[in-house]
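Enquirer: Need a 3D model of the following:
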Amino acid sequence: MIINDLPTLSRTEKGSFVNLYIMRLKLYLKYKDDYRANLKLAIPIMLGQLGQIATNLADNLMVAKLGSASLAAVSLSVAIFIIFAIVGLGISFSLPPLVAEAHASNKTQKISQYFKHSLIINLSYALIGLIGMLIIAPLLIYMGQEVEVAHLAKPYLSICAWSMIPMMIFQTLRCYSDGMSETLPPMMAMILGNVINIILNYMLIFGKWGAPQLGVSGAALGTLISRISMIIILTLILIKWKSLWQYIISINLRKYQKVVFTKMLGMSIPISLQLLFEVSAVAGVAIIMGLLGKEAQAAHQIAINLASIPFLIVSGLGMAASVRVGNQLGLKNKTGMRNAGVSSFIQVFFLMVLAGAILYFFRSYFPTLYLDDPKVISIASTLLIYAALFQIPDGLQVVTLGALRGAQDVNIPTIITFIAYWLVGIPTGCLLSFYYEVGPQGLWIGLVFGFLVSCILLQFRFRKILKEHHHSI
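Expert: The predicted model follows:
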């Protein structure tokens, strides 16, 4: 459409249209190089996440064929597993910005140091997570859940617990590669691993191609085997990727430094708490949903599974922001830090506008892909309205957190996430659902408020950090 093709608009309206077009063009030209740099890093991560999304979707679709009780059992188990897994992811996320800074400032000896210390930290946490879930699994029956759901969830969680060890080893390799601005190798390993996962799940859930029919437990076993395969695949790729393997092969696994452990844990623990506060809030909603019935819990699993798709995709931009801001910090370039962050915010805004629109307009269709229970579909389609509302603040807060990690600012953002989700989101949701009897929708309205508060406060924090670095750089 060109301006002369708008005869119905007044001169003032045409002028406003032109000004808007010019403003958008200037915005694009100002950050053109940053957009490209962001996408170069983010697209492989996004594609890897899409592979994970496809696997999660396939898992849920296959488990849903076993009935709403099986789907609710997976929802309950995943809610608990995610709490442990997300802390592990947060612990591993200290590696990319530190490696990015060391690489940009040519302090190459620190790269190997950060990698081996991260590996020890990650493996130590994996053992803690494994033991914790094995203890929790027999106690599910006492969590107020329906007996059938708890009975199915116990073996699923027990098997998934063992996948913490390969998951954390893979995360070490992945975060190292991402920090070196090489995001393609982890993407390749994730996609191949996810293909293996889908095939194994189909075999083990339904007993296909000579495999035993294990039902819900088969899905958990498929996940465990696929995560082991991802380590093997990524290691083989890194061996061929000489620029990455050189820093791994030169590692001395016998010498460690307390100061490095202290520095990494000083970042790892706050980052893991940031993720924990958000994901545990969502997981908490899944558990609380069980008090409203298995239909509400199954509907929540469907809705959150769909709503998490855009989140997982734009987390690639969050990692890109972390690496690029970390690089610019190593170069002591304050303007570069700002441009890396702001360009990521602009990109994620438009992506989440699109995601919200898709979730809203297809809210009645998407749940039918999972099962044909009218009550579950009705609840899920309503929840997707609120999912559409929180896409923009959710996307912005995850990318802003990534930018702040790149600037190695983690403590205040941790406090912000706690306030947003556990002092605003969850209390608001519980108040609406149980005191005002809004039902399942009330819990999701609480999530909307939590994401919104987090987004606003984190954006203010990023601006403050830029001003501080302006004086120190």
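Enquirer: rest of the way, CA atoms for contacts and neighbours
Expert: Will do.
Enquirer: Show me what the helix or strand where Met133 lies is packed up against.
Expert: Assessed by DSSP states H and E, Met133 sits inside helix 108-136. With contacts defined as 3 or more C-alpha pairs under 8 Å, 6 or more residues apart in numbering; DSSP states H and E, helix 108-136 has these neighbours: helix 68-92, helix 95-104, helix 147-162, helix 164-179, helix 242-249, helix 258-289.
Enquirer: Redo those as TSV? Include mean neighbour count.
Expert: TSV is the format used below for these (neighbours: other C-alpha atoms under 10 Å):
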stretch	mean neighbour count
helix 68-92	25
helix 95-104	27
helix 147-162	22
helix 164-179	25
helix 242-249	14
helix 258-289	21
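Enquirer: which stretch among those helices comes nearest Asp394?
Expert: Evaluated over the helices and strands packed on helix 108-136, closeness to Asp394 peaks at helix 258-289, with 10.1 Å, by C-alpha to C-alpha.
Enquirer: And that closest one, how far out from the chain middle?
Expert: 12 Å (C-alpha atoms, centre = their mean, to the nearest Å).
Enquirer: Would you mind giving the orientation angle of the helix or strand that it is followed by with respect to helix 164-179?
Expert: Sequence-wise, the next helix or strand downstream of helix 258-289 (DSSP H and E) is helix 294-330. When axes from the mean of the first three to the mean of the last three C-alpha atoms, to 10 degrees is applied, the directions of helix 294-330 and helix 164-179 differ by 40 degrees.
Enquirer: Could you tell me the angle between helix 294-330 and helix 147-162?
Expert: 20 degrees.
Enquirer: Listing request: residues of the stretch 101-250 of the chain with sub-threshold pLDDT.
Expert: Counting by pLDDT under 70, the stretch 101-250 of the chain contains low-confidence ranges at 143-145.
Enquirer: sorry, back to before: what are the buried residues along the helix holding Met133?
Expert: For helix 108-136, a neighbour-count test (16 or more other C-alpha atoms under 10 Å) marks 110-123, 125-126, 129-130, 133-134 as buried.
Enquirer: ditto for stretch 189-197
Expert: 189-197.
Enquirer: So what touches that stretch?
Expert: 47-49, 51-52, 55, 222-223, 225-227, 229-231, 233-234 (C-alpha atoms under 8 Å, 6 or more residues apart in numbering).
Enquirer: Alpha carbons of that stretch, as PDB, please.
Expert: Output of stretch 189-197 as PDB, limited to C-alpha atoms (Å, rounded to 0.1, in the frame of the first residue of the first chain):
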ATOM      1  CA  ALA A 189      22.300 -32.200  18.800                       C
ATOM      2  CA  MET A 190      18.900 -31.100  20.200                       C
ATOM      3  CA  ILE A 191      17.000 -31.700  17.000                       C
ATOM      4  CA  LEU A 192      18.500 -35.200  16.500                       C
ATOM      5  CA  GLY A 193      18.000 -36.000  20.200                       C
ATOM      6  CA  ASN A 194      14.300 -34.900  19.900                       C
ATOM      7  CA  VAL A 195      13.700 -37.100  16.900                       C
ATOM      8  CA  ILE A 196      15.100 -40.000  18.900                       C
ATOM      9  CA  ASN A 197      12.800 -39.000  21.800                       C
END
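Enquirer: does Gly210 count as helix, strand or coil?
Expert: Three-state assignment for Gly210 (DSSP: H, G, I helix; E, B strand; the rest coil): coil.
Enquirer: Three-state assignment for Lys255, please.
Expert: coil.
Enquirer: Distance to Ile385 added to the helices and strands packed on helix 108-136, as JSON lines?
Expert: Shown next, in JSON lines, are those (distance: least, C-alpha to C-alpha, whole Å):
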{"stretch": "helix 68-92", "distance to Ile385": "20"}
{"stretch": "helix 95-104", "distance to Ile385": "35"}
{"stretch": "helix 147-162", "distance to Ile385": "27"}
{"stretch": "helix 164-179", "distance to Ile385": "33"}
{"stretch": "helix 242-249", "distance to Ile385": "44"}
{"stretch": "helix 258-289", "distance to Ile385": "16"}
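Enquirer: Between those, which one is closest to Pro374.
Expert: helix 68-92 (11.6 Å).
Enquirer: what angle separates the closest one from helix 147-162?
Expert: 30 degrees.
Enquirer: starting at the chain centroid, how far to helix 68-92?
Expert: 12 Å.
Enquirer: For Asp34, give me the pLDDT.
Expert: Listed pLDDT for Asp34 reads 88.
Enquirer: So which of the helices and strands packed on helix 108-136 is nearest Leu41?
Expert: Closest among the helices and strands packed on helix 108-136, using C-alpha to C-alpha: helix 164-179, at 8.0 Å.
Enquirer: Helix or strand next in line after the closest one, which one?
Expert: Downstream of helix 164-179 (by DSSP H and E), the next one is helix 184-206.
Enquirer: Please name the residues that touch Gly48.
Expert: Gly48 touches 186-188, 190-191, counting by C-alpha under 8 Å, 6+ apart.
Enquirer: how about those in TSV, adding distance to Ala73?
Expert: Listed next are those as TSV, based on distance: C-alpha to C-alpha, whole Å:
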residue	distance to Ala73
Pro186	30
Met187	30
Met188	31
Met190	25
Ile191	26
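Enquirer: Please identify which two of these are farthest apart in space.
Expert: Greatest spatial distance in those: Pro186 and Ile191, 8.6 Å, computed using C-alpha to C-alpha.
Enquirer: And Ser77, how close does it get to Gly356?
Expert: Counting by C-alpha to C-alpha, to the nearest Å, the gap from Ser77 to Gly356 is 27 Å.
Enquirer: next one: Val424
Expert: 22 Å.
Enquirer: ditto for Ile120
Expert: Counting by C-alpha to C-alpha - Ile120 and Gly356 are separated by 40 Å.
Enquirer: and what of Ile271?
Expert: Counting by C-alpha to C-alpha - Ile271 and Gly356 are separated by 27 Å.
Enquirer: What of Leu447?
Expert: Taking C-alpha to C-alpha, one finds Leu447 at 15 Å from Gly356.
Enquirer: of the two, who's got more company?
Expert: More crowded of Leu447 and Gly356, by other C-alpha atoms under 10 Å: Leu447, with 29 against 21.
Enquirer: Alright, calling it a day.
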